[in-house]
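S.K.: model this:
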Amino acid sequence: MDVAYACFILAFVNMLNEMRYGQLSPASIKAFKGLARPIHYEDGIGPTELFPRREDVDAANNARMGRLAGVSRTYQARDGGMAGPDERKRLLSNFMAPETLLLQEGAQVMLIKNVDETLVNGSMGIIKRFVDPAKYSAEQTDELLGGGKDKNAKGKKDEGPPRAEKLVPLVEFSTPGGGKRPILVLPEEWKVELPSGEIQARRQQVRQLHRLPITFAAQR
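M.R.: Here you go, the predicted structure:
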């Protein structure tokens, strides 16, 4: 290893250790500040921030959303189940899908369920726009995610402006190898079910749960 490079690595490790123990020296503070700069990501996907609490995630998300200029939409979950109100509320609070989800054009989002070999829990993408799946041409997307393909979508005439309550996100996901994959994200159901088949709690929400930063992950 080159001596100069080895010295640089050692100096950087020392800076990180100072940060770890909360004892940053003036020299380290100056060095860290010197690294501050705008960063351009070629794929448009920025780094994921990790927070221990959902409240911190929401605060960071809201700050990011405030910097976006695109159209936004709020998705309210549809909840149900046979459990009592208090127990159902407790069960629903453990779901990865939130009760209320605010999404915006240009927002970075992450899947929380496996779909196939290229779209998995953790796949990230950018919301391009919101569309009516009944009027969205099947030729313009690979597939409909979460609700199956709309066989009547292809070649369907535009019969007027889309109904706002039916608009769903069109997300362009990054795939392994540097590819892009546009997907319509439809509602998906999460549930807690007893061995008898009785559903204690259920929630229907659009499949990709969170904008980033993020704290979560879930498996199908």
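
S.K.: do you know how far S196 is from T118?
M.R.: With distances taken as Cβ to Cβ, to the nearest Å, S196 is found 37 Å from T118. Where C-beta positions appear, they are placed from N, C-alpha and C, glycine not excepted.

S.K.: now G125
M.R.: When G125 is compared with T118 (using Cβ to Cβ), they lie 12 Å apart.

S.K.: which residues do these two both contact?
M.R.: Residues touching both G125 and T118 by Cβ atoms under 8 Å, 6 or more residues apart in numbering: R181.

S.K.: who's more crowded, the two?
M.R.: Between G125 and T118, counting by other Cβ atoms under 10 Å, G125 is the more crowded of the two (27 against 14).

S.K.: Leaving out the residues flanking it, which one is nearest to the more buried one?
M.R.: With sequence-adjacent residues excluded and distances taken as Cβ to Cβ, 6 or more residues apart in numbering, G125 is closest to F173, at 3.6 Å.

S.K.: Okay, strands next: where are they in the protein?
M.R.: Counting by DSSP state E, the chain has strands at residues 72-76, 78-80, 100-104, 108-110, 124-131, 143-145, 168-175, 179-185, 187-193, 199-206, 210-211.

S.K.: can you list those in CSV and add mean pLDDT and distance to R64?
M.R.: Shown next, in CSV, are the strands of the chain (pLDDT from 0 to 100; distance: least, Cβ to Cβ, whole Å):
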stretch, mean pLDDT, distance to R64
strand 72-76, 90, 12
strand 78-80, 94, 27
strand 100-104, 87, 9
strand 108-110, 86, 8
strand 124-131, 90, 12
strand 143-145, 59, 23
strand 168-175, 89, 16
strand 179-185, 87, 19
strand 187-193, 89, 24
strand 199-206, 91, 18
strand 210-211, 52, 7
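
S.K.: so which of the ones you listed gets nearest S28?
M.R.: strand 108-110 (30.3 Å; Cβ to Cβ).

S.K.: helices or strands next to that closest one in the packing?
M.R.: strand 124-131, strand 210-211 (3 or more Cβ pairs under 8 Å, 6 or more residues apart in numbering; DSSP states H and E).

S.K.: Buried residues, that strand. List them.
M.R.: When neighbours are counted by 16 or more other Cβ atoms under 10 Å, the buried residues of strand 108-110 are found to be 108-110.

S.K.: Just checking the distance from that strand to the centre of its chain.
M.R.: Between the centre of strand 108-110 and the centre of its chain there are 3 Å (Cα atoms, centre = their mean, to the nearest Å).

S.K.: what about the closest residue to K128 other than its chain neighbours, how many neighbours?
M.R.: Excluding the flanking residues, the one nearest K128 by Cβ to Cβ, 6+ apart is L170, at 4.9 Å. By other Cβ under 10 Å, 21 other residues sit near L170.

S.K.: quick one: contacts for L170?
M.R.: L170 touches 127-131, 136, 141, 182-185, counting by Cβ under 8 Å, 6+ apart.

S.K.: change it to 6 Å
M.R.: 128-129, 131, 184 (Cβ atoms under 6 Å, 6 or more residues apart in numbering).

S.K.: now swap in T74 and tell me
M.R.: L102.

S.K.: Grab the longest helix from the protein for me.
M.R.: Longest helix of the chain, by residue count under DSSP state H: helix 3-20.

S.K.: Great, nothing more from me.
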